[in-house]
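**Q** Curious how this folds, go ahead:
(2 chains)
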There are 2 protein chains.
Amino acid sequence: MIELPGLITDPEVLAGISHDEAEWAPVGRPAAALRAQSTVDVQRAVRACAEQRVPIVPRGAGTGLSGGANATDGCLVLDLSRMREIVEIDTENLLAVVQPGVVNDDLKKAVAEHGLWYPPDPASAAWSTIGGNVATNAGGLCCLKYGVTRDYVLGMRVVMGGPAGDYGTEVSLGRRTTKGVAGYDLTGLLVGSEGTFGVITEITLRLRPAPRTAAHTIVGAFHSLVEAGRAVALCTRRGFQPAALELLDRTCMEAVEEWKHLGVEPDTAAMLLARVDTPGDAGELEATALAEAFTEAGAAWAERSTDAVEAEALFAARRLAYPALERLGPVLTEDVCVPRSAVHLMLARVEETAARHQVRIATIAHAGDGNLHPLLLTPPGDDGARLAAQAAFDDILAAALDLGGTVTGEHGVGLLKRAGMEQELGPEVTAVQRALKRTLDPLNLFNPTKVVGEL
Amino acid sequence: MIELPGLITDPEVLAGISHDEAEWAPVGRPAAALRAQSTVDVQRAVRACAEQRVPIVPRGAGTGLSGGANATDGCLVLDLSRMREIVEIDTENLLAVVQPGVVNDDLKKAVAEHGLWYPPDPASAAWSTIGGNVATNAGGLCCLKYGVTRDYVLGMRVVMGGPAGDYGTEVSLGRRTTKGVAGYDLTGLLVGSEGTFGVITEITLRLRPAPRTAAHTIVGAFHSLVEAGRAVALCTRRGFQPAALELLDRTCMEAVEEWKHLGVEPDTAAMLLARVDTPGDAGELEATALAEAFTEAGAAWAERSTDAVEAEALFAARRLAYPALERLGPVLTEDVCVPRSAVHLMLARVEETAARHQVRIATIAHAGDGNLHPLLLTPPGDDGARLAAQAAFDDILAAALDLGGTVTGEHGVGLLKRAGMEQELGPEVTAVQRALKRTLDPLNLFNPTKVVGEL
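**A** Sure thing, here's the model as predicted:
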């Protein structure tokens, strides 16, 4: 076994940091854990693990939803959540340099003090770390207009091995400039690689100027999920670019209301929630046009919210939908993404699947992106329901592929989507993925079995 | 030697398609060339070349500026400019599927008919192909606000070998959805890989809705390059987001005027040219604020152009600067990119370098991105001037690295920036780059020696 200062071996503590929030993904028994405080800690741990061939499972806040941070048997869990220094905020060049354990919302707050904005906003932003966001290429609500995490990562420092040198070597990838094409885009390759190529120890992020005007909120209530999906297609076709276009079904809204009493009472099957942040009169026009499109697509009602408190409550409800549903029992989370013209078809497939397998499915969606989160709910301890949910899960993945979509829009492959990924990519591209893993991590030390499976 | 239908071996024809526009990069003697008409042609060529170990140099329009499309001795030049079908324009999902030989401006025109827009706009857009743009991750004028080619590539089909299967296997990478994280980002890895991993046969591109309102043009004239650079820093610091912020020095303006008589008479050392496309009253405010910032930074004069013809002439002058200078003799093109706060420092370094080596340097720049194109001009046939220019070229690369920048912002590594790239990345990261090349192209068949050098 490896020896390192600060090594955690207490079984109860280990159990607590051995998994993320993908409740259905298998969890192994780690040999130990380490809460790294510095790059030197990471390097020392990687060197020791390489020597003893102990697999390393890096983790941030553990808010992942695909099992990417779940321990494998005999591994070292390398917790990076204490490396939470904001190293630099460069107001001249609109960028920040951070350690991986910085919480997304903490970074947002820190840069806001300088009139700057870090857009990526996964619903977990209050807890999840930038390192985890980068490892999974996290999405969120504002991707529709402002892109995903990958679009904000300029560079990083990574402790890796293989061709870079002995395991434990720290390299610097990417740049601080807005553009750059010096060699293959290794930064982009590392983003979304879920810790399978190395341990990210520092990240350079692009920032934007903070928005100067208040956003408009537009709400539409629909008698069916499919109608709401049609409204999304209409908005896309008309070229609207809201900063968010979210869908919540009645089950989600009820679960949030029961828990938090935000005063968001559902009176229809589904709600679309849009935010328009275009400044000035153009933003006014866009907000009105969006509400009109909702109505034209068959909304029971659609209106612009003139009350900032109400608008905030609506978006808070959206962000709380997942934890609210988790309170009701184990949740199996889908993350399919389909072409935007097919959102209504995908929603219909979800409803058919729920009926066919007798599974309760609540749906939240980054609808404007075509990224749907059907959440499969099972009563605790009901093994039959669990099996039915697993079958429904697979059917939904297949339906997304059938509609030209992907099995994972933003949560990552982890353990839960490995089979779906192989189905999506086919054997040739899967083989290329594995070849990259073998090249960059010849000892298969970093987060083995995740993403690419057994090698 | 390989045998293929349509093989070109005529030395004169070969000479014409053996190089791109990097006049200073070495050019080898190809064994033959093929103008592929289809994916099947590409596959057949790759198979034949793999069997005989004949290197393949893919090319589009040959407008590259780093030698990336230059022939190597004994290679097959694989010309893709005849694969120019726009396969699909999907107005429901705002995307297009194109063959690699489609010319950038042709795609722009075709999608404009559907109210859509393909933003990436290298100055070569009238000639350069999408395949070449993707291979080099081409930039352009509007990157500042709308990103580079990479930001628009959702997926592609590639004929490759190695882990994907026998050489000649076509694989499909990426997706048609707005988001997706199923496995490592191979699409992103291929973008900017300059044909060294395989031959791209089809590309799926993200589009935007066409802008609905006319843009504002703002012009500022400065008594020195350094002052113009300071104005750029001020604009960045204030969070302005123009759709373009270009710099032209007097030499560039004079060369264009002499050639095209656009009526753009330089009266100062440098000109900044900005475009603001924010719609409505917010755009008006932004345009005025930009002009004010120019003045505050010391502009001799700054104004908003109210004349659409004049505004178009100014941007035409910008696009024509490079060919106008090429008429004067061989041009050695720099493509450094520095943090935006250092643009004025980099411009000063360029001037010092010109004086030190007695080299005439004209500068155009995507100044808002910190991406500078100092163009080293040499009298035709003057070997001494050529040596001086080469020394100045290296000094400018070193200065960019010294200021925290990169040796290439958008033109790619090709042959001209290989040494600079190694200097920038260091030995560990260079080793990782080479390992990827060896893994994905074990025969070193695709565009050998480009980007990563000899293996």
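**Q** What is the neighbour count of the closest residue to A:Trp301 other than its chain neighbours?
**A** In space, and not counting its chain neighbours, A:Trp301 is closest to A:Ala221: 5.2 Å by C-beta to C-beta, 6 or more residues apart in numbering or on different chains. Quick note: C-beta positions are derived from backbone N, CA and C, even for glycine. Neighbours of A:Ala221 under the rule other C-beta atoms under 10 Å in any protein chain shown: 18.
**Q** So in terms of bridging, what pairs with A:Ala221?
**A** For A:Ala221, the beta-bridge partners are A:Met271, A:Trp301 (DSSP bridges).
**Q** And it, how far from chain B?
**A** To chain B, A:Ala221 is 24 Å away according to C-beta to the nearest C-beta, to the nearest Å.
**Q** Which elements pack onto the strand or helix carrying A:Asp106?
**A** Following DSSP states H and E, one finds A:Asp106 within helix A:104-112. Counting contacts by 3 or more C-beta pairs under 8 Å, 6 or more residues apart in numbering or on different chains; DSSP states H and E, helix A:104-112 packs against strand A:86-90, strand A:95-98, helix A:130-136.
**Q** Surely the residue nearest to A:Trp301 touches A:Ala302?
**A** Yes: using C-beta atoms under 8 Å, A:Ala221 makes contact with A:Ala302 at a distance of 7.3 Å.
**Q** Not counting its neighbours along the chain, what's nearest A:Ala45?
**A** Leaving aside its sequence neighbours, A:Ala45 sits nearest to A:Leu34 (C-beta to C-beta, 6+ apart; 5.4 Å).
**Q** what does the average pLDDT come to for whichever strand or helix holds the one you found?
**A** A:Leu34 is part of strand A:32-35, with elements assigned from DSSP H and E. Averaged across strand A:32-35, pLDDT comes to 98.
**Q** Stretch A:2-22 too?
**A** Mean pLDDT, stretch A:2-22: 96.
**Q** so where do the strands sit in the stretch 201-350 of chain A?
**A** Counting by DSSP state E, counting those that start in this stretch, the stretch 201-350 of chain A has strands at residues A:208-209, A:216-222, A:244-249, A:270-276, A:301-305, A:331-333.
**Q** same question but for the stretch 1-150 of chain A, I mixed them up
**A** So, for the stretch 1-150 of chain A - with DSSP E, counting those that start in this stretch - the strands run A:32-35, A:56-59, A:76-79, A:86-90, A:95-98, A:116-117.
**Q** packing partners for the second one?
**A** Contact here means 3+ C-beta pairs under 8 Å, 6+ apart; on that basis strand A:56-59 packs against helix A:39-52, strand A:76-79, helix A:130-136, strand A:199-206.
**Q** And the fourth one, by the same measure?
**A** In terms of contacts (3+ C-beta pairs under 8 Å, 6+ apart), strand A:86-90 is packed against strand A:95-98, helix A:104-112.
**Q** Which residues lie in contact with the residue of the stretch 351-455 of chain A found nearest chain B in this structure?
**A** The stretch 351-455 of chain A approaches chain B most closely through A:Ala435 (3.5 Å), counting by C-beta to the nearest C-beta. Applying C-beta atoms under 8 Å, 6 or more residues apart in numbering or on different chains, we find A:Ala435 in contact with B:162-163, B:439-440.
**Q** Would you confirm that A:Ala112 contacts A:Arg208?
**A** No: A:Ala112 is not in contact with A:Arg208 according to C-beta under 8 Å; the separation is 11.3 Å.
**Q** Which residues of the stretch 51-200 of chain A lie near chain B?
**A** If contact is defined as C-beta under 8 Å from any C-beta of the partner chain, the residues of the stretch 51-200 of chain A in contact with chain B are A:90-94, A:115, A:136-137, A:139, A:143-144, A:147-148, A:150-151, A:162-165, A:169, A:171-173, A:175-186, A:188-189, A:191-193.
**Q** Selecting buried members of those residues in PyMOL, what would you type?
**A** The buried subset of these, as determined by 16 or more other C-beta atoms under 10 Å in any protein chain shown, is captured in PyMOL by this line:
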select buried, chain A and resi 90+91+93+94+136+137+139+143+144+147+148+150+151+162+163+164+169+171+172+173+175+176+177+178+179+180+181+182+183+184+185+186+188+189+191+192+193
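**Q** Filter the residues of the stretch 51-200 of chain A next to chain B down to just the ones in helices.
**A** Secondary structure from DSSP state H places A:136, A:143-144, A:186, A:188-189 of these in helices.
**Q** A:Thr430: which of the helices and strands packed on strand A:56-59 is closest?
**A** The closest of those to A:Thr430 is helix A:130-136. By C-beta to C-beta, the value is 19.2 Å.
**Q** And the pLDDT at A:Ser305?
**A** For A:Ser305, pLDDT reads 85.
**Q** domains of chain A?
**A** A:11-79, A:86-209, A:213-320, A:329-442 (automatic domain parsing).
**Q** restrict the contacts of A:Ala435 to contacts with chain A.
**A** Contacts with chain A within the contacts of A:Ala435, counted by C-beta under 8 Å from any C-beta: B:162-163, B:439-440.
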